[in-house]
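**Q** sharing a model that was predicted from the sequence below.
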Amino acid sequence: MSASSPSKAGVDVDAVATAVTSCPSVLRLSGGSVGQAVTHLPGRRVTGVRVAKGSVEVHVVARWVSFLPDVGDEVRAAVAPLVGGRSVTVIIDDLGTDDGELGGGPAALEPAAKDAGD
C-alpha cells in the first residue's frame, strides 16, 4: 500500500471510513462510548473503524429515520469489498439527525442468524 492509502492488517481504513459515511442511513462514524473505536496510523487515527485479524468493527451514528437492522446490512454491503473477507460488526452508538444527536446507547448488529424453523 502506498502512503496515500494507509492500512491496518491489510485493510485500507480510509476507504472503509469513506464507504461507511457514504451510506444513506449513516450520519457519521463514532468513536464508541469511551473512544475505543479507532485505528491508529502513523501520525493520526481513524475514528469509528477498528481492524483485527479476522474482523472489522464499525461504529456509527445512524440517522433517526433508519430501520436499524438495515443500517447494519447497508454498512456491511458497502465495506465487504474492502475488508478481505473479514467479518464486519456494525455498532450503532447513537441516533441522530442533521440537527443533532438524540441520545441512546450502543447496539451491536451482528449478521442475523437463520432460525432453524424458517
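**A** Happy to help now that I have it.

**Q** only C-alpha atoms from now on, for both contacts and neighbour counts.
**A** Noted.

**Q** my guess is Val51 contacts Gly10. True?
**A** No: between Val51 and Gly10 there is no contact, the gap being 9.3 Å when judged by Cα atoms under 8 Å.

**Q** which of those two has more neighbours?
**A** Between Val51 and Gly10, Val51 has the larger neighbour count (other Cα atoms under 10 Å), namely 23 against 13.

**Q** that one and Gly72, how far apart?
**A** When distance is defined by Cα to Cα, to the nearest Å, Val51 is 17 Å away from Gly72.

**Q** over to Arg44?
**A** In terms of Cα to Cα, Arg44 sits 27 Å off from Gly72.

**Q** cool, Thr39 as well?
**A** On the measure of Cα to Cα, Thr39 and Gly72 end up 20 Å apart.

**Q** of those two, which one has the most company?
**A** Of the pair Thr39 and Gly72, Gly72 is the one with more neighbours under other Cα under 10 Å, namely 26 against 19.

**Q** per-residue confidence averaged over the strand or helix carrying the more buried one?
**A** For Gly72, the element it lies in under DSSP states H and E is helix 68-79. Averaging the model's pLDDT scores along helix 68-79 yields 96.

**Q** ok, now stretch 89-102?
**A** Stretch 89-102 comes out at a mean pLDDT of 84.

**Q** quick check: buried residues in it?
**A** Neighbour-count burial for stretch 89-102, counted by 16 or more other Cα atoms under 10 Å, picks out Thr89, Val90, Ile91, Ile92, Asp93, Asp94, Leu95, Gly96.

**Q** beta partners for the third one?
**A** As for beta bridges, Ile91 partners with His59, Ala108 under DSSP bridges.

**Q** the strands in this protein, which residues?
**A** Along the chain, counting by DSSP state E, strands occupy 7-8, 11-12, 26-29, 38-41, 44-47, 49-51, 55-63, 87-97, 100-101, 107-109.

**Q** nearest to Arg76, of the ones you listed?
**A** Arg76 lies closest, by Cα to Cα, to one member of the strands of the chain: strand 87-97, at 6.2 Å.

**Q** angle of the closest one against strand 55-63?
**A** 20 degrees (axes from the mean of the first three to the mean of the last three Cα atoms, to 10 degrees).
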